[in-house]
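Participant: No sequence on hand, only this structure:
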Ligand SMILES: Nc1ncnc2c1ncn2[C@@H]1O[C@H](COP(=O)(O)OP(=O)(O)O)[C@@H](O)[C@H]1O
Ligand SMILES: [Mg+2]
């Protein structure tokens, strides 16, 4: 369970270009299900996901994970939490160029020192599950948008995180591929993982697997619906 | 697992730092992954890293060449000096080296502690044909006939003469003096014999026409080498116009000469090193946007700052150790098997004719470590710091492409 209480994020605080990306947001996210953060561009969706996923700290307010306060945890422990709890699928995918699909998927597990054979098998199993078994040795820069998206998804899952965070997972895909990705995410949610995604795409918000819809506007929560 | 427990005891004994076998496996596996990743990252920026590696290797090569060469020369000189006379006596005339009267030899023999005295005849001869000085020396022990000479291999090579040929020198009376080469001096001690020409006493007299009963200097053997300094004092008392030279002093002069030459070379190389460090710093410190993005991604997907640092540490170590080992090995081959062409003219300039010679291969561990410290450490630091700076930033930037 993730709890945010009065969380604000201000960029360039005190400078002329100060920007309030989030204003005193309070929110409780239960385990499981698929929550969509909806809102126009610039409404603070990405910022909210970075805070929830412990990629950054809030300017003020408290964030806790299963009762453990994250917002004042030292960097080292924050990484520890991040790597065991969260898997990320970035909007730009952020695969590492020059490495193969398989290597990209294995990358988050390197610092854990998992035995090589076991890790390779786990990565291959994920790629198979996402229909990429023919692409394991390809370099990621030759992948199509959909393939890159699924590679990023496999990478996010390699350390078996409880929470999957995907920022605008359908923004770079056509509608057929969007449907596929949403179905995959829905499957993951159905298996008990917590899936958090952001989107400004109305089709995503009305998709079948979505269990909760939170609307953002100018850094404020303006709507919260169970689906 | 019975298999695992069988090895457990022996593992713990061998690797006490890792009481838990699994912990050690994980550690090893992790380093393995990090090295894999580092190598792939280095290959991705092939041109840049290869260029850096080349410059780096060259630098280590230059430094190691100078170090190995000067150290080898020093050792060689020390070995040769072991056979040098304990004490040399010259006559000074108003501070200038003058010929020594034969009567002095008897005076010297009368000094307590001196066991043998021998007058030497030698001198420099400028040969305009090769624009260099030869050292001409009378060698009674060689039993040379009046017109027979022996020359150093370098001299023979430069003058393009061999055994059986005649070498014509210009005598003091202006007449050419043809001398027959009967043998070449062996090349093991070529370092000192490079420009040496041994001749008979009569040929020496014909050539230089010195006053009768004079010598260039005298060499003394002393009964107890530790008394050499005291004996030198007695000689100055007995013969106020004399200048006794101790072997230890010659050694010190050589050493000072080497230090000075080495200093000059190091000054030049130091500038180079500085230039390299600036280059390395620039290359490593100015992480490309691509690299910064990669570090951000790695952090976002669960790498710790420490993991990034370990990866960077491997990067610095792999590059600098490769460069160091290659550079050092090349220098070793160059100095000990390739005749040290590169720095020889600067470092071993005491003979005007450059001898071709082989130094005995040797590696000084302390010197190796110092070189390692001044080349490898700065580079590793130069790669670590920017990596660290990129790694401590919040990784949320990767969410925004
Ligand atoms: N690193 C940053 N520096 C300054 N302003 C930022 C930064 N990141 C986001 N912002 C600003 O914060 C606001 C919210 O951005 P974001 O969370 O990316 O919105 P969304 O993802 O909903 O489009 C925007 O006005 C954006 O310009
Ligand atoms: Mg966004």
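Facilitator: Structure received. Because the structure is predicted, anything quoted here is derived from the model rather than measured. Ligands and ions are numbered 1, 2, ... in the order given.
Participant: What pLDDT is listed against the residue lying closest to residue A:155 once chain neighbours are set aside?
Facilitator: Of all residues not flanking residue A:155 in the chain, residue A:105 sits nearest, at 4.8 Å (Cβ to Cβ, 6 or more residues apart in numbering or on different chains). Placement of C-beta: from N, CA and C, glycine included. pLDDT for residue A:105: 96.
Participant: helix, strand or coil for residue A:105?
Facilitator: At residue A:105, secondary structure determined by DSSP: H, G, I helix; E, B strand; the rest coil is helix.
Participant: Likewise for residue A:223?
Facilitator: Following three-state DSSP, the label given to residue A:223 is strand.
Participant: nearest residue to residue A:13 other than its sequence neighbours?
Facilitator: residue A:59 (6.4 Å).
Participant: That neighbour against residue A:12, yeah?
Facilitator: No - here residue A:59 does not reach residue A:12: they are 10.7 Å apart, not a contact under Cβ atoms under 8 Å.
Participant: between those two, which one's more packed in?
Facilitator: Using other Cβ atoms under 10 Å in any protein chain shown as the criterion, residue A:59 and residue A:12 rank with residue A:59 on top: 15 against 9.
Participant: Spit out the contact partners of the more buried one.
Facilitator: By Cβ atoms under 8 Å, 6 or more residues apart in numbering or on different chains, the residues touching residue A:59 are A:8-10, A:13.
Participant: any chance you could read off phi and psi for it?
Facilitator: phi -70, psi -40 (degrees, to the nearest 10).
Participant: For chain A, what is the nearest residue in chain B?
Facilitator: residue B:302 (3.0 Å; Cβ to the nearest Cβ).
Participant: which SS state does that residue fall under?
Facilitator: Strictly by three-state DSSP, residue B:302 counts as coil.
Participant: Could you tell me the end-to-end distance of stretch A:210-219?
Facilitator: End-to-end distance of stretch A:210-219 (Cα to Cα, to the nearest Å): 22 Å.
Participant: Write out the residues of chain B neighbouring chain A.
Facilitator: B:25-30, B:32-34, B:37, B:40-41, B:43-44, B:290, B:293-294, B:297-307, B:392, B:394-396, B:398-401 (Cβ under 8 Å from any Cβ of the partner chain).
Participant: ok, now with 7 Å
Facilitator: B:26-27, B:29-30, B:33-34, B:37, B:40, B:44, B:294, B:297, B:300-305, B:307, B:394-396, B:398-401 (Cβ under 7 Å from any Cβ of the partner chain).
Participant: can you tell me which of these are up against ligand 1?
Facilitator: residue B:400 (Cβ under 6 Å from any ligand atom).
Participant: Now, of the residues of chain B next to chain A, which are buried?
Facilitator: B:26, B:29-30, B:33-34, B:37, B:44, B:294, B:297, B:300-305, B:307, B:394-396, B:398-399 (16 or more other Cβ atoms under 10 Å in any protein chain shown).
Participant: show me what contacts the residue of chain B closest to chain A?
Facilitator: A:79, A:82-83, A:108, A:111, A:159 (Cβ atoms under 7 Å, 6 or more residues apart in numbering or on different chains).
Participant: What count of nearby residues applies to the residue nearest to it when sequence neighbours are not counted?
Facilitator: The shortest distance from residue B:302 to any non-neighbouring residue, by Cβ to Cβ, 6+ apart, is to residue A:83 (3.0 Å). Counted by other Cβ under 10 Å, the residues lying close to residue A:83 total 23.
Participant: Give the buried residues for the helix or strand encompassing residue A:83.
Facilitator: Assigned by DSSP states H and E, residue A:83 falls within helix A:75-85. In terms of neighbour count (16+ other Cβ under 10 Å), helix A:75-85 has its buried residues at A:78-79, A:81-83, A:85.
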